[in-house]
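Asker: one predicted model, sequence on top.
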Amino acid sequence: MSEYTGGCLCGAVRYKVIGEPVRVANCHCNDCRKVTGASFATNVFVKEENLVIESGVTKSYQHKSDSGNMMPKKFCPECGSQIFSYGTGSPGVVGIKVGSIDDANDIKPQITVYAARALPFSHVDKSTEIFQEMRRR
Ligand SMILES: [Zn+2]
Ligand SMILES: [Zn+2]
């Protein structure tokens, strides 16, 4: 069974994830770009019960997704690192920003969403299942 640890830039927020992720997705949507400040986001989705916050208190900000779901995002109020995201469309699942994981070498993205919105210089990982927009359910 795998275990991942991670946290924010300043180290105030620390967490641990036990077990395998439910899904790992590269997302090229505008919201992910804005929130990460990067050209795209890799979101590691895990079951909420497998996430243990070991220290720190996060602050959250909510926005609405294309599909109308509320998408709370949790970040460190000290250093501003965005770490966790939630979606009312996927209860019980937390998205963890891959950059917050201490050692993400074993993380393997399985899908790419919003590929149609990828910036020209972004790498779209061809080894993943690619969706031009949101993943169809
Ligand atoms: Zn911090
Ligand atoms: Zn996104």
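Answerer: Received the coordinates, thanks. Ligands and ions are numbered 1, 2, ... in the order given.

Asker: any low-confidence regions in this structure?
Answerer: Confidence mapping of the chain against pLDDT under 70 gives the ranges 1, 136-137.

Asker: center of it - which residue?
Answerer: For the chain, the residue whose C-alpha lies nearest the mean C-alpha position (CA atoms, centre = their mean) is residue 43; its distance is 2.8 Å.

Asker: right, and it touches residue 35 too?
Answerer: No. Here residue 43 lies out of contact with residue 35, judged by CB atoms under 8 Å, at a distance of 10.4 Å. Placement of C-beta: from N, CA and C, glycine included.

Asker: what touches both of the two?
Answerer: Counting by CB atoms under 8 Å, 6 or more residues apart in numbering, the common neighbours of residue 43 and residue 35 are residue 85.

Asker: near ligand 2, anything from the strand or helix carrying residue 61?
Answerer: Residue 61 is part of strand 59-64 when elements are defined by DSSP states H and E. No. With CB under 5 Å from the ion as the criterion, ligand 2 is not reached by strand 59-64; the gap is at least 11.2 Å.

Asker: quick one: is stretch 21-31 near ligand 2?
Answerer: Yes. Stretch 21-31 reaches ligand 2 (CB under 5 Å from the ion) through 27, 29.

Asker: counting neighbours, which bits of that stretch end up buried?
Answerer: Buried residues in stretch 21-31, defined by neighbour count with 16 or more other CB atoms under 10 Å: 21, 23-29, 31.
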